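Participant: Starting from these lines, generate the structure:
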Amino acid sequence: MRGSRFVSWLAVALVALTQPGCGDGEEREKGSDSCTAGRNMTDPRLVNGLEPIAGGALLRITWDPGTDAGSELPSDYFAAVKVSGETPTEVQNLVSDVSLTEDRQLSVRFRNLGPYLADHDALEFALVFPDRRGFVSCSHPGMDDAYLLKVRLEFGEQQQLQRAELTEEVTLGDI
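Facilitator: This is a model prediction of the structure:
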């Protein structure tokens, strides 16, 4: 009796997971998502490294136009940037402002990084951009997607920036 209940439950679970709209949101029917094609940015990079400013530091990020649906994104889209909640709280507290300061240029302002860099050889954070549906003509099923720009800055012994790595990732909303 116990075995047959388990088999029945397993069969129901497998059927549910194979139905459209079930699962983790990572799988979407081809052709039903016209928003996620392409990158928001091509070749994201730093303008001048980490620049000292009064009370902290400034990091300017620039990029070339995106691809596919990403190439159609207006400046308003990039102005909606925020520090992602996946950024460690300790690092979030170092960021005083993130804004679009020029066409294809974001500025990230940091409070005094000295104490943080005294104990760390890298600074990692993520910037999050909203779902594209509100900014270009596209559609997809489910909840909003999030577009991340992950930034990793590596520092040398004298707290000098040695290396910067910027990568884009997409987190699809649940269906």
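Participant: If you count residues, where's the longest strand of this structure?
Facilitator: strand 41-53 (DSSP state E).
Participant: Do you know the pLDDT at the residue nearest in space to the middle of the chain?
Facilitator: Closest to where the C-alpha atoms of the chain average out (C-alpha atoms, centre = their mean) is Leu148, at 0.9 Å. Leu148 carries a pLDDT value of 95.
Participant: element containing it?
Facilitator: Following DSSP states H and E, one finds Leu148 within strand 146-155.
Participant: Can you show me the helices along the protein?
Facilitator: 2-18, 75-79, 89-92, 114-119 (DSSP state H).
Participant: Can you flag the weakest of those by average pLDDT?
Facilitator: Among the helices of the chain, helix 2-18 scores lowest, at a mean of 42.
Participant: Excluding chain neighbours, what is closest to Arg109?
Facilitator: Of all residues not flanking Arg109 in the chain, Asp97 sits nearest, at 4.3 Å (C-beta to C-beta, 6 or more residues apart in numbering). To be clear about C-beta, it is placed using only N, CA and C from the backbone, and glycine gets the same treatment.
Participant: distance of that neighbour from Ala57?
Facilitator: Distance of Asp97 to Ala57, given as C-beta to C-beta, to the nearest Å: 12 Å.
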